[in-house]
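Engineer: Return atomic coordinates for the entry below.
(one chain, ligands or ions: 2)
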Amino acid sequence: MAVEYDLVIIGGGSGGLVVASAAAQLKAKVALIERDRLGGDCLWFGCVPSKSLIHASRVAYEVKNAARFGIHTEHPKIDFAQAAHHVQTVIKTIEPHDSPERFRSLGVEVIFGEGKFCDRQTFEVNGRQLKARAFVISTGSRPAIPSIPGLTEAGFLTNEKVFSLQERPDNFAILGGGPIGCELGQAFSRLGSNVTIIESGNHLLQKEDPEAAQVVQDQLMSEGIKILTQTRAEHVELRDGKKQIKAGENTIIADEILLAVGRVPNVESLNLSAAGVEVGKRGIQVNAKLQTTNPRIYACGDVIGGYQFTHVAGYEAVVVLTNALFFPVSKANYRVIPWATFTDPELARVGLTEKQAIERYDKDVYVLKQPFSGVDRAQAEGKTLGFAKIITRGNGEILGAHLVGPSAGELIHEIVLAISNNLKVSALTGIHIYPTLSEVNSKAGLLLKKQKFAQNKWQQNFLEKFFNWRRSL
Ligand SMILES: Cc1cc2nc3c(=O)[nH]c(=O)nc-3n(C[C@H](O)[C@H](O)[C@H](O)COP(=O)(O)OP(=O)(O)OC[C@H]3O[C@@H](n4cnc5c(N)ncnc54)[C@H](O)[C@@H]3O)c2cc1C
Ligand SMILES: NC(=O)c1ccc[n+]([C@@H]2O[C@H](COP(=O)([O-])OP(=O)(O)OC[C@H]3O[C@@H](n4cnc5c(N)ncnc54)[C@H](O)[C@@H]3O)[C@@H](O)[C@H]2O)c1
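Structural biologist: Ligands and ions are numbered 1, 2, ... in the order given. As a prediction, the model looks like this:
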């Protein structure tokens, strides 16, 4: 059956934009359907605004704490509206890269509208029926809204509204202590809000190495953030213009509530059943080739409910691109997926946790832990909190790494490169520039040999005897 398009992409965010631009540059006929603005969560309500706000708040913190370096300043006066303006300026500067004009100039037909599938090969939008050889669903996710009595009536913020605030909430309650709750909790606190984070799990950052997560949790608490773990908000009530949250034994009075309790996939309006596309608990079901249950329809990014990161959506987009345009032979490989939470200290991870490694390799697991306090550059900058923890096997195979400390999100890439290329941990021990923070990796890498030597009594005895004998000659 003749079709009008090689590819129709639904959703123009981190995943969809990569597929659209690459496919058009490969001369395929491509339509990109977007119901709102191109750019997706990352540009408008996610990575870009959050990292911009975090930067402003970090400057405030550094100024406030400059006296330890002999730099005495007035207590910083925080103009929240100007910090919010910085956030919007960064978005505006990056936006042209994701603009409809740019995509049209690349040859993509950009269609604004919210459509739906009519059958397995047709998508209808703005009254037009688009037939394509293949489709890509990259409609992302939205914040999960827990059903808490009184919450809707009292009002709440999500990541879609929080970056538009022009006034700092004096008392700010955050439900959820994942990456959004921790990053924004610390940022708002450093900009002057009294922050309370309510987390149902037993510690913040549940997906991280617990010891590394504890370093972040302790730092947030030391900055004055109130953290309630193993606690859920049960009821919210608006009283005298304030939101009163009942959570276990606690009553929290807040000017604003931010919801950060996870995500749900954007699938409802797509009429996926007409196309034979099945949706599971976390999102659209896909196989390793990122084909849905209709093999001509692919899906990538947050909507499939896997690793919900911009760089993963971009990676999956490339797998989808080659499969959807040519032959479906490419498989997504999630062996080496790094990510970072941009709190201060940052927390970055790749690969297995210690617990997962022990479950898989039992006694053949070594934990190489190097604190930042042993890195001279960290001392010079007064940034000694945290550590690098590299998990290896006895043969030096790197199973995972957890870095918590200054610039952890940058430093992890050396280990990512090593794991991706199947390099042993000894590869990290090559000459590193002194004094740099990246010495944390080389110092951690050296620990495998040290630990093995410390365990090897025979080798120690042998060397002791050898040196005794040589001195006696
Ligand atoms: C506060 C916050 C901070 C974050 N920080 C980071 C970070 O630092 N690093 C990182 O890697 N990730 C971060 N993320 C996650 C990242 O934003 C997402 O993983 C990424 O945007 C997912 O890309 P996507 O293409 O799947 O979805 P999106 O980029 O959200 O794109 C989906 C697009 O589809 C459109 N759409 C939805 N439904 C329809 C429909 N029915 N029809 C047409 N169009 C539709 C939407 O309008 C949107 O434009 C953050 C997320 C949040 C919320
Ligand atoms: N730096 C980054 O890369 C970055 C930053 C922000 C967000 N993200 C992405 O966005 C996703 C969503 O972030 P998120 O923080 O909303 O979700 P999340 O699922 O990662 O964390 C949500 C937290 O809320 C807790 N929770 C769930 N229900 C609760 C309830 N009713 N009361 C209290 N706590 C509850 C969970 O235990 C969990 O710790 C992340 O998983 C990540 O993929 C990435």
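
Engineer: Could you give the residue of the stretch 251-400 of the chain that lies closest to ligand 1?
Structural biologist: Gly301 (2.2 Å; Cβ to the nearest ligand atom). In short, each C-beta sits where N, CA and C put it, glycine included.

Engineer: so that residue makes contact with Gly12?
Structural biologist: No: Gly301 is beyond contact range of Gly12, at 11.0 Å (criterion: Cβ atoms under 8 Å).

Engineer: Spell out which residues are contacts of both of these two.
Structural biologist: Residues touching both Gly301 and Gly12 (Cβ atoms under 8 Å, 6 or more residues apart in numbering) are Ser138.

Engineer: what's the helix or strand for Phe462?
Structural biologist: helix 457-471 (DSSP states H and E).

Engineer: Contacts for that helix next, please.
Structural biologist: With Cβ under 8 Å, 6+ apart as the criterion, helix 457-471 contacts Phe453.

Engineer: confidence score at the spatially closest residue to Ala173 that is not a sequence neighbour?
Structural biologist: Sequence neighbours aside, Ala254 is the residue nearest to Ala173 in space, at 3.8 Å (criterion: Cβ to Cβ, 6 or more residues apart in numbering). As predicted, Ala254 sits at a pLDDT of 98.

Engineer: my read: Ala254 touches Thr196, true?
Structural biologist: Yes: distance between Ala254 and Thr196: 7.2 Å, which falls inside the contact criterion (Cβ under 8 Å).

Engineer: which residues are common contacts for the two?
Structural biologist: In contact with both Ala254 and Thr196: 171-173, using Cβ under 8 Å, 6+ apart.

Engineer: Let me have these in a markdown table, extended by neighbour count, pLDDT and distance to His402.
Structural biologist: A markdown table is the format used below for the shared contacts of Ala254 and Thr196 (neighbours: other Cβ atoms under 10 Å; pLDDT from 0 to 100; distance: Cβ to Cβ, whole Å):
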| residue | neighbour count | pLDDT | distance to His402 |
| --- | --- | --- | --- |
| Asn171 | 16 | 98 | 33 |
| Phe172 | 27 | 98 | 29 |
| Ala173 | 29 | 98 | 29 |
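
Engineer: Pick out whichever of Gly301 and Gly12 has more residues nearby.
Structural biologist: Remark: of Gly301 and Gly12, Gly301 carries more neighbours, 39 against 29, as counted by other Cβ atoms under 10 Å.

Engineer: how about that one, phi and psi?
Structural biologist: phi 90, psi -160 (degrees, to the nearest 10).

Engineer: And the strands in the stretch 301-450 of the chain?
Structural biologist: In order along the chain, the stretch 301-450 of the chain carries the following strands (DSSP state E, counting those that start in this stretch): 339-341, 346-351, 366-371, 387-392, 398-405.

Engineer: can you tell me which of these comes nearest to Val440?
Structural biologist: With respect to Val440, and counting by Cβ to Cβ, the nearest of those is strand 387-392 at 4.5 Å.

Engineer: and the closest one, what's its mean pLDDT?
Structural biologist: Per-residue scores along strand 387-392 average to 98.

Engineer: other SSEs contacting it?
Structural biologist: Here strand 387-392 touches helix 210-222, helix 354-361, strand 366-371, strand 398-405, helix 439-455, going by 3 or more Cβ pairs under 8 Å, 6 or more residues apart in numbering; DSSP states H and E.

Engineer: now the helices for the stretch 251-400 of the chain?
Structural biologist: 272-275, 310-325, 354-361, 376-380 (DSSP state H, counting those that start in this stretch).

Engineer: of the ones you listed, which approaches Pro149 most closely?
Structural biologist: Here helix 272-275 is closest among these (Cβ to Cβ), at 31.8 Å.

Engineer: buried sites along that closest one?
Structural biologist: Within helix 272-275, the residues scored as buried using 16 or more other Cβ atoms under 10 Å are 272, 275.

Engineer: Just the CA trace of it, in PDB.
Structural biologist: Provided in PDB are the C-alpha atoms of helix 272-275 (Å, rounded to 0.1, in the frame of the first residue of the first chain):
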ATOM      1  CA  LEU A 272      -3.500   3.200  20.800                       C
ATOM      2  CA  SER A 273      -5.900   0.300  20.800                       C
ATOM      3  CA  ALA A 274      -6.900   1.100  17.200                       C
ATOM      4  CA  ALA A 275      -3.300   0.700  16.200                       C
END
